[in-house]
Each structure stands twice: as structure tokens, then as C-alpha cells.
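*Asks:* pasting the sequence and the predicted coordinates here, then a few questions.
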Amino acid sequence: MCQTAEMAEAVALYRGLPLYPEPADIEPWVGEGLRTNMRSVFEAIAHENPYPMHYLDTHRWNHMVLKALFVGSRLAPIEGLDERANEELARILRDFAHERWAAGRPVPFEIWRCVGPFARGGALGDLERVLESGTTTEQQAAALALAASPDVDAKVLLQRFPVLASAVENGMLEWAGVQ
Amino acid sequence: MMFIDPHAHMISRTTDDYEAMAASGVVAVIEPAFWLGQPRTNAGSYLDYLSSLVGFERFRAGQFGIRHYCTIGLNSKEANNEGLAEAVMELIPRFALKEGVVAIGEIGYDEQTVLEDKYFRLQLELAKELALPVMIHTPHRDKKNGTSRSMDVCMEHGLDPRMVVIDHNNEETVREVLDRGFWAAFSIYPSTKMGNVRMVEILRQYGAKRVIVDSACDWGISEPLAVAKTARLALDSGIAATEVELACYRNALDAYGRSGQMMESDWLNPMPIDQRALFEGNSILRGGREPVVQEQCDRRSMDNLIID
């Protein structure tokens, strides 16, 4: 069935991932699905599906998040996005942002959600750049990322943007509201 | 000016594209073996694919006055299916020394997994043994790190950087690739890889020594005239013609010519186009069509010069 599936069948098969017995054994097949160029198939695995957060190792998890950016998918519907944030993913996403800036292309605002908890040093410089020259949405994302940073310098930087800082502080600004 | 497009997946392109490429000055293309947009599930379909690269596709290109070469390899995406990968690795040596095969490629990393690493290294050893150049596909994701790692592994296996083309570069990777003595190729591919305005800036900043321009056109939204358009834009932007010729023609010939399978005389003294020719009994003509080469095709043209 997997070998001969048309697109809708593939979507249906992957939507069922959390229900199958021996979930760890089907990981290679999930890997195939994540390499697809068909966005609907990719999202059947990545979005609103608890399988990846429970069974993908960190490396494959990180590449799933990156792939979402490359196929134009949102990150917010990925289950476990915050819980499985990690230092390596934050580094790769910053490299990605630099590549996009060098190309004169926009950087998806959602990447800062995964960078925030590990933002220190150069990452703060990236967030400062977004706060100074980004769109409103991008600025909101950067402010939320700074608020999640463990670095005291992040708090200092955020205070330079008092409107955003207070919106984060009093809970008026949350990831769910950034569109 | 003559051009070579040293990275073009022509089996996904139409005859219109071949005509437009020929009209724009492309004299030769190199078609790297890659995946088809979805994974092959058995080695048989891989065998037929590689066979079509050295067979019907070469014939088809020739019908439009373009010389067709290819590279043979197991791509990084399909390296993740171990059963398939093992079977395909058995096929690679059967194709690698055929006429018109100018490199092992495109190989390298996609997700940078353990299996990708294994088959990348095995194929580097094969290229070394066969004294063939290598075309390296650098990953879209975690690109900078993946590009550095690809070069590290080549050096670890004792490859000469002058025999290795690192493809799909951008502003973030070019300096290291050139500093380490490898060929630096750039795919002018809308939206996801390089645009040609950016490419002209790279030429201005780094010069054309060891720089190669290609289209990487395939089944996605891509541009088979990318090499010709980039060349014209570079000339219009004041880049010296000698530099443009290096990046859009001569360097590709120099790099892949090291296979001994590609030389200028192939297209400077070509066989005349004869669409009455057959390949294993098959013609490119359908429905009793008259075998004439059309005038320049108007569906594709050199208008709309900018690719971004």
C-alpha cells in the first residue's frame, strides 16, 4: 500500500502514524515521507501529529523543522515544537537566517521561536537586527524570542523596545497571536 | 558565445527547452543522476533511469544539436533506503565508465545521516579508483555546515580538489570552497537557490576562477536558459567577456573534461542534426511529423532576463 499509494492515500497512511503498533519500527518509512516534495504528505506527518515528537531522534527532528521552512509550511502546528527545541537546531536556523539575508530573501518569523531559548552572543545580534528592521510580525517574534532567552543581555536588549517589552511582560503578546 | 549547462535534469524537460537552449548558445549539457521527486522503491527502476541517461536522453539532446553528458551516482536522498542503496551501488560501476559519463555524481548529503555518509564515502573511493571527477550536491538544509563537511570528507579520502565540483553554492559558502581549491558551482534556480543578479555580484567580488554557473533545471519551477541569461546579465553589468566565458563555458569543460569524456571538438565538429535518426528503433518524431528543425521557438525566449 505504501509503495503504490497515490497522494491522498499517502496522506491518510501518514495521518494514522500515532495509531500503529510497533511505532519505532516504522521510522524508516516515516523518513521517506519526510523527504517528500509533496507538501500535503509532509504535513500529514509534521503537523498536528504526535508521532514525530515521540519517536524521531534529535537529528531527524531538526531536519523535519528545517524541511517545514523549505516547503513553506508553518512551524506552529508541529507538536512538541517548544519541548524539543535544542541548541543544534538553533544554530542551524541562525545559519539559515544568514543565508536568506545574504540572498535578500525574507526569513520566516517562526524560526525565532526555536532560537529564543538558546539565544546568547551572536544570536542576540540577529534578534536586534530583526527588532530594528523587521516587519511588525517579525519584531513581535524577536521580542518573544528575547523573552525566552536565558541570557541577561537579552532582557537588556528587549527593554530598548518598551512597547514590545511590556506587551510580552503583561501577556498581551504570545506566539499564538503572532501571524 | 557558446555555453555549457553543467547541471541540467533534461529527462524532466521538453523539446521546447532543448530548442530554446540551443538557440541561446548552449552547446552541451551535463545531466547528473538524481532522484525523481519521489523515492524509487527498487533497483530496477534505477537501472532503467541510468540507462536512459546514457541512452535515449543523449540521443534526444543530439536531435536538437546539443551534446549530452551525464554523471552517475547514488543520490543522498535515496541513500537512506539501505536495501535500495546496496543494490544501486552494484549498478554504479557498470555505468561509470560508459561513453559520455563525465563524473560520479551528484552525491553528498541531504539530511546528513549515517547512511548518507556511508554511501558518499564509498562513491568517493570509487571516483578515485576510476580517476573520475566528482559532482557534489550540497544540502539545502544546514547548508554551510554540510558544505564544509563534504569538503572535509573529500580531503579525508585523498581526493584532489581540482577533481571535485561543489555545487549549489551561495554567498555563505563560496569563500571556503574557493579557498580550499575546489570548483565552486552555482545553480541559478528561482526562489530556492541563486538568482542571477546575485550571481553577477559573486562574479564581481570573487572573479570567475574555478567558478561554474549552471541551471539545475529539473521537474520543479526552474529555468533552462539560466546559464545564457546569467551570461548576458553579467556582460550587461560590465563583467569582462573572458570572465563570463570562464564561468559559463570553459571552467565546466576544464573540470569535467578531466574525465577524458568531454572535449570541445565534440560540438565544434558536430554531426549534422538529422531528426530522421532512430534510437533503438525510436524517433523523437510523432504522428508522421516532418523531420525538420524548427526556427527559434517563441514559447521560451531570452526575454525576462532576471531570475530570482
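*Replies:* Arrived safely.

*Asks:* residues contacting the lengthiest helix in chain A, please?
*Replies:* Counting residues, the longest helix found in chain A (DSSP state H) is helix A:87-102. Contact with helix A:87-102 is made by A:58, A:61-62, A:65-66, A:69, A:106-107, A:111, A:114-115, A:117-119, A:122-123, A:126, B:141-145, B:170-172, as judged by CB atoms under 8 Å, 6 or more residues apart in numbering or on different chains. Yep, even glycine has a C-beta here, placed from its N, CA and C like the rest.

*Asks:* restricting to C-alpha, output it in PDB.
*Replies:* The C-alpha trace of helix A:87-102 is given here as PDB (Å, rounded to 0.1, in the frame of the first residue of the first chain):
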ATOM      1  CA  GLU A  87      20.900  24.100  20.700                       C
ATOM      2  CA  GLU A  88      21.900  22.400  17.400                       C
ATOM      3  CA  LEU A  89      18.500  23.400  15.800                       C
ATOM      4  CA  ALA A  90      19.000  27.000  17.000                       C
ATOM      5  CA  ARG A  91      22.500  27.100  15.300                       C
ATOM      6  CA  ILE A  92      21.200  25.700  12.000                       C
ATOM      7  CA  LEU A  93      18.300  28.100  12.000                       C
ATOM      8  CA  ARG A  94      20.600  31.100  12.500                       C
ATOM      9  CA  ASP A  95      22.800  29.900   9.600                       C
ATOM     10  CA  PHE A  96      19.600  29.600   7.600                       C
ATOM     11  CA  ALA A  97      18.700  33.200   8.500                       C
ATOM     12  CA  HIS A  98      22.100  34.500   7.500                       C
ATOM     13  CA  GLU A  99      21.800  32.600   4.200                       C
ATOM     14  CA  ARG A 100      18.400  34.200   3.500                       C
ATOM     15  CA  TRP A 101      19.600  37.700   4.400                       C
ATOM     16  CA  ALA A 102      22.600  37.300   2.100                       C
END
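
*Asks:* now do it, average pLDDT.
*Replies:* Mean per-residue pLDDT for helix A:87-102: 96.

*Asks:* centre of the chain to that helix, how far?
*Replies:* Relative to the centre of its chain, helix A:87-102 is centred 12 Å away, using CA atoms, centre = their mean, to the nearest Å.

*Asks:* tally of neighbours for residue 17?
*Replies:* Going with chain A. Look at residue A:17: counted by other CB atoms under 10 Å in any protein chain shown, it has 20 neighbours.

*Asks:* wait, I meant chain B there
*Replies:* Neighbour count of residue B:17, defined by other CB under 10 Å: 23.

*Asks:* name the nearest residue to it, sequence neighbours excluded.
*Replies:* Leaving aside its sequence neighbours, residue B:17 sits nearest to residue B:224 (CB to CB, 6 or more residues apart in numbering or on different chains; 4.4 Å).

*Asks:* test my guess that the one you found contacts residue B:12.
*Replies:* No. Look at residue B:224 against residue B:12 with CB atoms under 8 Å: they stay out of range, at 10.0 Å.

*Asks:* near chain B, which residues of chain A?
*Replies:* Listed as neighbours of chain B in chain A under the rule CB under 8 Å from any CB of the partner chain: A:3, A:28, A:31-32, A:35-38, A:59-60, A:62-63, A:66-67, A:70, A:92, A:95-96, A:98-99, A:102-104.

*Asks:* got a quick PyMOL command for the buried subset of those residues?
*Replies:* Buried subset of the residues of chain A next to chain B, written as a PyMOL selection, criterion 16 or more other CB atoms under 10 Å in any protein chain shown:
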select buried, chain A and resi 31+32+35+36+37+60+62+63+66+67+92+95+96+98+99+103
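
*Asks:* list the buried residues of the helix or strand containing residue A:126.
*Replies:* For residue A:126, the enclosing helix or strand under DSSP states H and E is helix A:122-133. Within helix A:122-133, the residues that qualify as buried are A:123-124, A:126-128, A:130-131, counting by 16+ other CB under 10 Å.

*Asks:* just stretch B:177-188 next, same as before
*Replies:* Buried residues in stretch B:177-188, counted by 16+ other CB under 10 Å: B:177-178, B:180, B:182-188.

*Asks:* same deal with stretch B:80-93?
*Replies:* B:80-81, B:84-85, B:87-89, B:91-92.

*Asks:* average model confidence for stretch A:65-81?
*Replies:* Computed over stretch A:65-81, the average pLDDT equals 95.

*Asks:* stretch B:173-186: end-to-end distance?
*Replies:* Chord length of stretch B:173-186, first to last residue, is 10 Å (CA to CA, to the nearest Å).

*Asks:* now do the same for the closest residue to chain A within the stretch 151-300 of chain B: helix, strand or coil?
*Replies:* Across the stretch 151-300 of chain B, no residue is closer to chain A than residue B:171, which sits at 3.9 Å (CB to the nearest CB). Classification of residue B:171 using DSSP: H, G, I helix; E, B strand; the rest coil returns coil.

*Asks:* chain A contacts on chain B?
*Replies:* Within reach of chain A by CB under 8 Å from any CB, chain B has these residues: B:37-39, B:41, B:77, B:80-81, B:110-113, B:140-145, B:170-172, B:192, B:194-195, B:198, B:220.

*Asks:* just the buried ones from these?
*Replies:* Among these, the ones that count as buried by 16+ other CB under 10 Å are B:39, B:41, B:77, B:80-81, B:110-113, B:140-145, B:170-172, B:194-195, B:198.

*Asks:* chain center to the longest helix along chain B: distance?
*Replies:* Scanning chain B for the longest helix, with DSSP H as the assignment, gives helix B:114-130. Mean-position distance between helix B:114-130 and its chain equals 19 Å (CA atoms, centre = their mean).

*Asks:* which residues touch that helix?
*Replies:* With contact meaning CB under 8 Å, 6+ apart, helix B:114-130 is reached by B:73-74, B:76, B:79-80, B:82, B:85, B:89, B:92-93, B:96-97, B:103-104, B:107-110, B:133-134, B:150, B:153-154, B:157-159, B:163.

*Asks:* which residues sit against stretch B:236-247?
*Replies:* Outside of stretch B:236-247, the residues within contact range by CB under 8 Å, 6+ apart are B:1, B:200, B:203-204, B:207-209, B:211-213, B:231, B:234-235.

*Asks:* 7 Å instead?
*Replies:* Defining contact as CB atoms under 7 Å, 6 or more residues apart in numbering or on different chains, one finds that stretch B:236-247 is touched by B:1, B:200, B:203-204, B:207-208, B:211-213, B:231, B:234-235.

*Asks:* ok, now stretch A:128-136?
*Replies:* Contacts of stretch A:128-136 (CB under 7 Å, 6+ apart): A:112, A:138-139, A:142-143, A:157, A:161.

*Asks:* please, where are all the helices along the chain?
*Replies:* With no chain named, the answer covers chain A. So, for chain A - with DSSP H - the helices run A:7-15, A:27-34, A:39-46, A:51-55, A:58-70, A:87-102, A:111-115, A:122-133, A:136-148, A:152-159, A:162-169.

*Asks:* please refer instead to chain B.
*Replies:* Taking DSSP H to define them, one finds helices in chain B at B:15-24, B:43-54, B:56-62, B:82-96, B:114-130, B:143-156, B:174-179, B:196-206, B:226-236, B:241-245, B:251-257, B:265-268.

*Asks:* alpha carbons of the last one, in PDB - could you do that?
*Replies:* Taking only C-alpha atoms (Å, rounded to 0.1, in the frame of the first residue of the first chain), the coordinates of helix B:265-268 have been written out as PDB:
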ATOM      1  CA  SER B 265      35.700  19.000 -30.700                       C
ATOM      2  CA  ASP B 266      32.500  17.100 -29.700                       C
ATOM      3  CA  TRP B 267      30.500  20.200 -30.600                       C
ATOM      4  CA  LEU B 268      32.800  22.200 -32.800                       C
END
